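**Student:** Here is the input, now give the coordinates:
(one chain, ligands or ions: 2)
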Amino acid sequence: MGKYTIGVDYGSLSGRAVLVEVESGKELATAVKEYTHGVMDVFLPDGQTKLENDWALQHPNDYLEVLQITIPQVLKESGVSAVDVIGVAIDFTACTVLPIKDDGTPLCMMDQFSNHPHSYVKLWKHHAAQDEANRLNEIAEERGEDFLKRYGGKISSEWMIPKVWQILNEAPEIYEAADQIVEATDWVTSQLTGEIRRSSCTAGYKAIWHKQDGYPSKGFFKALDPRLENVVEEKLTNEIFSIGLKAGEITEKAAELTGLNPGTAVGIANVDAHVSVPAVGITEPGKLLMIMGTSTCHVLLGEEEKIVPGMCGVVEDGVIPGYMGYEAGQSCVGDHFEWFIDNCVPASYYQEAEESNMNIHELLTEKASRLQVGESGLLALDWWNGNRSTLVDADLTGVLIGATLLTKTEEIYRALIEATAYGTRMIIEAFRNNGVPVNEVYACGGIAEKNSFMMQIYSDVINMEIKISESSQTPALGSAMFGAVAAGKDRGGYDSITDAAKVMGRVKDDTYMPINDNAKVYEQLYAEYEKLYDYFGRGENNVMKTLKNIKKNML
Ligand SMILES: Nc1ncnc2c1ncn2[C@@H]1O[C@H](COP(=O)(O)OP(=O)(O)O)[C@@H](O)[C@H]1O
Ligand SMILES: O=C(CO)[C@@H](O)[C@@H](O)COP(=O)(O)O
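**Tutor:** Residues are numbered from 1 along each chain as shown. Ligands and ions are numbered 1, 2, ... in the order given. The predicted structure is shown next:
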């Protein structure tokens, strides 16, 4: 009798489940549920409580709806009986966090807090804790805190401690009422197993936890704010579980919600980027995976703990047990194009797209692909949502240089694509220059799947071959693999993620190869990008911050 495993991937806008055959890695069914509340960046669900700039919230009930709708759907669609599903695991955007009570109830789902913005889930791209991040970085630097090096020299405002501190600063009553502040991935997993077991992946990359040294010292937290001295014991926990372990089993309550059998193994939770690595078959150093969607994450394995300025983090066992897992990222990739189509594309283009039976991305891509490299005379910086790597500064903003009265919409679209490719090259070079080899490049995610023109540009800009994941649901497949590992070989699964990757992880046969002529022109354009990057990003011209301050004072 065949055995099956389910992975659920929680993205920025929706959650997707995939049901996979364990012995072949074949995906039998997929189901997607858009979040009912989407991303709340203007109002709370009451439609009245206004959110400030740089906020991005979500509703935890949307995550439970994903389980309730997609898991029964994949069971039904595949015709697989729940009895034959041996494991399940989830992955999530991160750092996406929420305050909860000890029994798991999110504060925003309690009447007294439902109108309080700080009681909701803070999505990874909630950037309103930048002040806290800046102060944290200053204090850590003054104290010579060793951990800073492991996070590329700076802790991002997207990560756990700045977000926790923002709650404390702006809503001490919420901080006080929270028994724990937890990553959404760990919370949803606890809704399946009945117990919170925090993952080494989220703790390591997002909450400054280290396998040997644990969290930063009490002295450091006290130096941030005396009220934070015991934040680990009071809101986090010292008990961290390695990815690849079993988090528990499906409870009776979770069985009712999902249609799975009580007792089904549940894997320790993962992050969407990191979980994708084994799903493309990577289990060794030197192979960088780009997970390209709303944002892009770059994940890479290494043998040793090297210090790479501006990376997001290096965590032992953070991706594949036995290796150092490196992460870097760009906070704005698909979102870059989304902003553009929402704000800068004339109605005539939409009309043409409709007439040609294309979506607007496809039309713009098609038009952009008819241009020669360098023909538009444009160059952009990809900082519309700040810069995660290598500058770690959410206060940086976008730039477009070279526009004239003749500049066309598709030229700007292309310049935005190229900007994200230059940003990726900057990251690859940062790894290489600091002793972490990048010998091969892989890609997965919505964009790697949907936009082959963009992937060709990336190949030309980085001047390397790019291999593409075979699965269109790579993170969900990765989670399904961790579900099979949680079940273990005795129950029909695998004993390690490396064993699972050998069978279940794959890339497509077709790859992208750099086109020499294009690569040569991109070399010149990249040299100009580098100059702009340093000029605006490293303090020589702080105009972006000045403008943000003026804007803040006007609000
Ligand atoms: N053909 C396309 N070319 C470039 N970007 C696209 C295209 N289609 C969608 N996008 C962008 O991709 C992003 C969604 O990526 P996806 O991987 O599906 O989601 P997520 O990152 O939330 O997991 C959106 O920001 C959207 O603007
Ligand atoms: O930062 C991470 C992972 O570390 C991502 O979860 C975050 O960028 C969101 O990813 P998506 O672009 O929504 O796939």
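
**Student:** Go through the longest helix anywhere in the chain and flag the buried ones.
**Tutor:** Secondary structure of the chain per DSSP state H: the longest helix is helix 409-433. By 16 or more other C-beta atoms under 10 Å, the buried positions in helix 409-433 come out as 409-428, 430-431. For the C-beta atoms, the positions are set from N, CA and C on the backbone; glycine is no exception.

**Student:** Next: stretch 329-349.
**Tutor:** Buried residues in stretch 329-349, counted by 16+ other C-beta under 10 Å: 329-337, 340-341, 345, 349.

**Student:** and those residues, which of them are in strands?
**Tutor:** 329-330 (DSSP state E).

**Student:** Also near ligand 2: which of the buried residues of stretch 329-349, exactly?
**Tutor:** With C-beta under 6 Å from any ligand atom as the criterion, the buried residues of stretch 329-349 include Gly329 near ligand 2.

**Student:** Out of the buried residues of stretch 329-349, which is nearest to ligand 1?
**Tutor:** Distance ranking of the buried residues of stretch 329-349 against ligand 1, using C-beta to the nearest ligand atom, places Gly334 first at 2.5 Å.

**Student:** shouldn't that closest one be in contact with Lys450?
**Tutor:** No: with contacts counted by C-beta atoms under 8 Å, Gly334 stays clear of Lys450, the gap being 9.4 Å.

**Student:** in the stretch 301-450 of the chain, which segments are predicted with low confidence?
**Tutor:** Nowhere does the stretch 301-450 of the chain drop to pLDDT under 70.

**Student:** and Asp54, what does it touch?
**Tutor:** Residues counted as contacts of Asp54 (C-beta atoms under 8 Å, 6 or more residues apart in numbering) are 126-128, 130, 394.

**Student:** of the residues you listed, closest to ligand 1?
**Tutor:** Looking across these and measuring by C-beta to the nearest ligand atom, the closest to ligand 1 is His126, at 15.1 Å.

**Student:** residues in the chain within reach of ligand 1, list them.
**Tutor:** So far as C-beta under 6 Å from any ligand atom goes, the chain lies against ligand 1 at 11-13, 293-294, 334-335, 337-338, 361-362, 365, 445-447, 450-451.

**Student:** On the pLDDT front, check the residue lying closest to His126 once chain neighbours are set aside for me.
**Tutor:** Excluding the flanking residues, the one nearest His126 by C-beta to C-beta, 6 or more residues apart in numbering is Ala56, at 4.3 Å. You'll see Ala56 listed with a pLDDT of 97.

**Student:** Which single residue of the stretch 401-550 of the chain ends up nearest ligand 1?
**Tutor:** Counting by C-beta to the nearest ligand atom, the stretch 401-550 of the chain gets nearest ligand 1 through Gly446, at 2.3 Å.

**Student:** which non-adjacent residue is nearest Met160?
**Tutor:** Ala207 (4.0 Å).

**Student:** Contacts only, for that neighbour.
**Tutor:** Contacts for Ala207 (C-beta under 8 Å, 6+ apart) come out as 95, 159-161, 183, 215, 236.

**Student:** One more: Asn541?
**Tutor:** Tyr535.

**Student:** Regarding it, what is its secondary structure?
**Tutor:** coil (DSSP: H, G, I helix; E, B strand; the rest coil).

**Student:** Repeat that for the one 3 residues further on.
**Tutor:** Classification of Met544 into helix, strand or coil gives helix, according to three-state DSSP.

**Student:** So it sits against Phe536, correct?
**Tutor:** Yes: with contact defined as C-beta under 8 Å, Met544 reaches Phe536; the gap is 6.3 Å.

**Student:** Find the residues that touch each one of these two.
**Tutor:** 383, 396.

**Student:** what does the model give the spatially most central residue of the chain for pLDDT?
**Tutor:** By C-alpha atoms, centre = their mean, the mean C-alpha position of the chain lies nearest to Thr93, the distance being 4.5 Å. On the pLDDT scale, Thr93 is placed at 96.

**Student:** any idea what sits nearest it, other than its immediate chain neighbours?
**Tutor:** Closest residue to Thr93 apart from its sequence neighbours, by C-beta to C-beta, 6+ apart: Trp124 at 4.7 Å.
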